[in-house]
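Q: show me how the following folds:
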Amino acid sequence: MVRAKRFVIAGKFDGLPKVTDFQIVEEETPELKNGELLCETLFISVDPYMRVFGRFIKEGDTMLGEVVGRVIESRSTRYPVGATVVAGYGWRTHGVVHEDEKHSLPTAQLRTVPADYPKDLSTGLLLGVTGMPGMTAYFGLLDVCQAKAGETVFVNAAAGAVGSLVGQIGKIKVRSFLKTVC
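A: Modelled structure (predicted):
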């Protein structure tokens, strides 16, 4: 067991984020059951979608979010101690996850960092450019929009996590005339 901290919602969000929107709660992690793993959080996502989803979580709930963590204890054959994982256990210093747990956000499913992930890249990028925002930008532009070379790409929110990547991918892959609005 580990003494862990988690950010809990102190009340409904109103206006700009404030320290008073959250409380930090300390707790002991439970003893692991078969198939569970205990992760120490390395990186926590802070994304715009959280503000919208924040309306649906109750006071006292842990703030939702995707994390990159390192397995420090395991009762799972698939996730050994020392493995680096991406999971959706929210804003916590440590999280217990079952190897078969299904998360409501498809990108927040428990998964191991790929063995071929470049060692010179921070695993924190798995929450950004090589994670959900990057996948959304890449597949949104190239598969959903089917942008073709020479077309004009218009990005309505180029200052955000996804929109800024759409602009970069558009310049590289589509080699198009790019219009952005921030």
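
Q: partners of the helix or strand in which E40 is found in the sheet?
A: Element membership of E40, judged by DSSP states H and E, is strand 36-44. Here strand 36-44 has these sheet partners by DSSP bridges: strand 67-74 (antiparallel), strand 94-98 (antiparallel).

Q: which of the residues in the one helix or strand M135 maps to are buried?
A: Under the criterion of DSSP H and E, M135 resides in helix 132-139. By 16 or more other Cβ atoms under 10 Å, the buried positions in helix 132-139 come out as M132, P133, G134, T136, A137, Y138. Bear in mind the C-beta positions are built from the backbone N, C-alpha and C, glycine included.

Q: just to revisit the earlier point, just send the strands paired with strand 36-44 back as CSV, with distance to R111 too.
A: As requested, the strands paired with strand 36-44 are exported to CSV (distance: least, Cβ to Cβ, whole Å):
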stretch, distance to R111
strand 67-74, 11
strand 94-98, 11
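
Q: for this protein, give me the ranges with low pLDDT.
A: In the predicted model, the chain carries pLDDT under 70 at residues 104-108, 176-182.

Q: if we use 80, what do you get?
A: Scanning the chain for pLDDT under 80 picks out 48-55, 102-108, 156-159, 175-182.

Q: residue with max distance from the center of it?
A: Residue farthest from the centre of the chain, counting by Cα atoms, centre = their mean, is G150 at 32.9 Å.

Q: once you drop chain neighbours, what's closest to E27?
A: Excluding its sequence neighbours, the residue lying closest to E27 (Cβ to Cβ, 6 or more residues apart in numbering) is A4, at 5.8 Å.

Q: one step back: redo the strands paired with strand 36-44 as a markdown table? Include mean neighbour count and distance to D120.
A: Formatted as a markdown table, the strands paired with strand 36-44 follow (neighbours: other Cβ atoms under 10 Å; distance: least, Cβ to Cβ, whole Å):
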| stretch | mean neighbour count | distance to D120 |
| --- | --- | --- |
| strand 67-74 | 20 | 16 |
| strand 94-98 | 20 | 27 |
